[in-house]
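Enquirer: Kindly generate the corresponding structure for this input.
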Amino acid sequence: MELEVLGRRGHREGGLTMAAISFVYTIARVAEMLGVDEERLHEISLGLDPEDGRLWVYGPGEDATLAFTREGVELLEQIIADTQR
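Expert: Predicted structure coming up:
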């Protein structure tokens, strides 16, 4: 029998480490940042996945807001730049 070696925080040594998401920007904020209409931004983002930085934030009841990580905002910025060429 082999025992798993755990690091100081109880995580496996040598395993995959990912940075935690500490904040997201709402679609309204990203539209303001990029100078793009929210509807257009929503359409542009339809092909993005959570891995691309597109997330849903749920509030009370059925309330939900589309939001983006920093990486998601950067990707949207690149997509917008590419479509304007």
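
Enquirer: Quick one: residues contacting the spatially most central residue of the chain.
Expert: In the chain, the C-alpha nearest the mean C-alpha coordinate belongs to residue 53, at 2.2 Å (CA atoms, centre = their mean). Taking CB atoms under 8 Å, 6 or more residues apart in numbering as the criterion, residue 53 is in contact with 68-75. Every C-beta, even on glycine, is put in place using the N, C-alpha and C of the backbone.

Enquirer: and of those, the nearest to residue 21?
Expert: Within these, proximity to residue 21 (CB to CB) peaks at residue 69, which comes in at 5.5 Å.

Enquirer: Distance check, the residue lying closest to that closest one once chain neighbours are set aside against residue 60.
Expert: Distance criterion CB to CB, 6 or more residues apart in numbering; nearest residue to residue 69, sequence neighbours excluded, is residue 53 at 3.8 Å. Distance from residue 53 to residue 60, counting by CB to CB, to the nearest Å: 25 Å.

Enquirer: any idea of the pLDDT on residue 79?
Expert: As summarised for this prediction, residue 79 has a pLDDT of 95.

Enquirer: element containing it, please.
Expert: helix 70-83 (DSSP states H and E).

Enquirer: Would you mind listing the buried residues in that helix?
Expert: 72-73, 75-76 (16 or more other CB atoms under 10 Å).

Enquirer: Now for the residues you listed: which two are most distant?
Expert: Pairwise over these, using CB to CB, the maximum falls at 73 and 75, 7.3 Å.

Enquirer: how close does the nearest residue to residue 58 once chain neighbours are set aside get to residue 29?
Expert: Using CB to CB, 6+ apart and skipping residues adjacent in sequence, the residue nearest residue 58 is residue 64, 5.0 Å away. Distance from residue 64 to residue 29, counting by CB to CB: 16 Å.
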